[in-house]
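# Sequence first, predicted model second:
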Amino acid sequence: MPAIAIVGSGAGLGLSIAKVFGRHGFDVALIARNEEKLGGFTARLATDGVKAVGFPADVTDPQALVGALNRAADQFGGIDVLEFSVPPVDFVEALDVTVANVRPQMECVCYGAITATQAVLPAMVAAGTGTLLFTTGASSVVPRAAFGSAGIAGAALRNWVLNLHEALGEKGVYVGHVAIGAWIEGTPAPAGVVTMHPDDIAAVYWNLYTTRDQAERLVTA
């Protein structure tokens, strides 16, 4: 069976992506820091008939992240799809940006994505097939002062992902970017803001995986 590794697995979007791919015959590797929560996620997916295994790792620890992805590849006989959706942490507005508060954004969002990609890409290139999907907030595409430090990291990741899309196309590896410009149900949202159900957003990832013809998609409510 094909396998998807979801880095940054959470109870919202990550779980929904796991469900949509799992229902189409994928085994699922869930990677996140909290081992207890991963156990809960795998149990919930099992009730939907989805085989999932949790591999705890912190994306800011390159050795741990690579180790988790390697164990997942051993468990499932390879990784066919990598989905990276680690949210920004403690972001600040544009006027408050400093080197110190941008650094953790880059380590989580950008450096973590590079590390995860380097762990799975050689096998994909060797096989001549594979999919890499990356998630950022919409501020990576449409700058918003309120998301100053998060937008810097997201835009850096987006630039690299679009370059990968171009560079890997002839090697059989599809690369796609999803920029989410909506609040996801189940997460704290400002009063009056329209939200989207994570299952609806997850459907975008499946569409990109199956069509393989778009470098990115901006999702708005």
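Yep, that arrived. Everything numeric in this text was worked out from a predicted model, so none of it was measured.

# When you work out contacts or count neighbours from here on, use the C-alpha atoms and nothing else.
Noted.

# contact partners of the longest helix along the chain?
Looking across the chain with DSSP state H, the single longest helix is helix 148-168. Under the contact criterion CA atoms under 8 Å, 6 or more residues apart in numbering, helix 148-168 has outside partners 88-89, 91-97, 101-102, 105-106, 109-110, 113, 134, 136-137, 139-141, 143-144, 174-177, 215-216.

# again with stretch 131-147
Taking CA under 8 Å, 6+ apart as the rule, stretch 131-147 contacts 80-87, 91-95, 113, 117, 150-158, 161, 173-181, 205, 209, 218-219.

# Now with 7 Å, please.
80-85, 91-94, 151, 154-155, 158, 173-181, 218 (CA atoms under 7 Å, 6 or more residues apart in numbering).

# same question, stretch 22-42
So stretch 22-42 is contacted by 1-9, 18, 50-58, 72 (CA under 7 Å, 6+ apart).

# Show me just the buried residues among those residues.
Those of those that meet the buried threshold are 2-9, 18, 50-58, 72, by 16 or more other CA atoms under 10 Å.

# all strands in this structure, in order from the N-terminus.
Under the criterion DSSP state E, the chain contains strands at 3-7, 27-31, 52-54, 81-84, 130-137, 173-181, 183-184, 195-196, 216-220.

# Including mean pLDDT and distance to His165, could these go into TSV?
TSV is the format used below for the strands of the chain (pLDDT from 0 to 100; distance: least, CA to CA, whole Å):
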stretch	mean pLDDT	distance to His165
strand 3-7	97	19
strand 27-31	97	23
strand 52-54	96	28
strand 81-84	98	14
strand 130-137	96	9
strand 173-181	96	5
strand 183-184	82	26
strand 195-196	84	27
strand 216-220	93	9
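
# can you redo the ones you listed as CSV with distance to Leu65?
Shown next, in CSV, are these (distance: least, CA to CA, whole Å):
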stretch, distance to Leu65
strand 3-7, 9
strand 27-31, 8
strand 52-54, 12
strand 81-84, 12
strand 130-137, 16
strand 173-181, 20
strand 183-184, 26
strand 195-196, 30
strand 216-220, 25
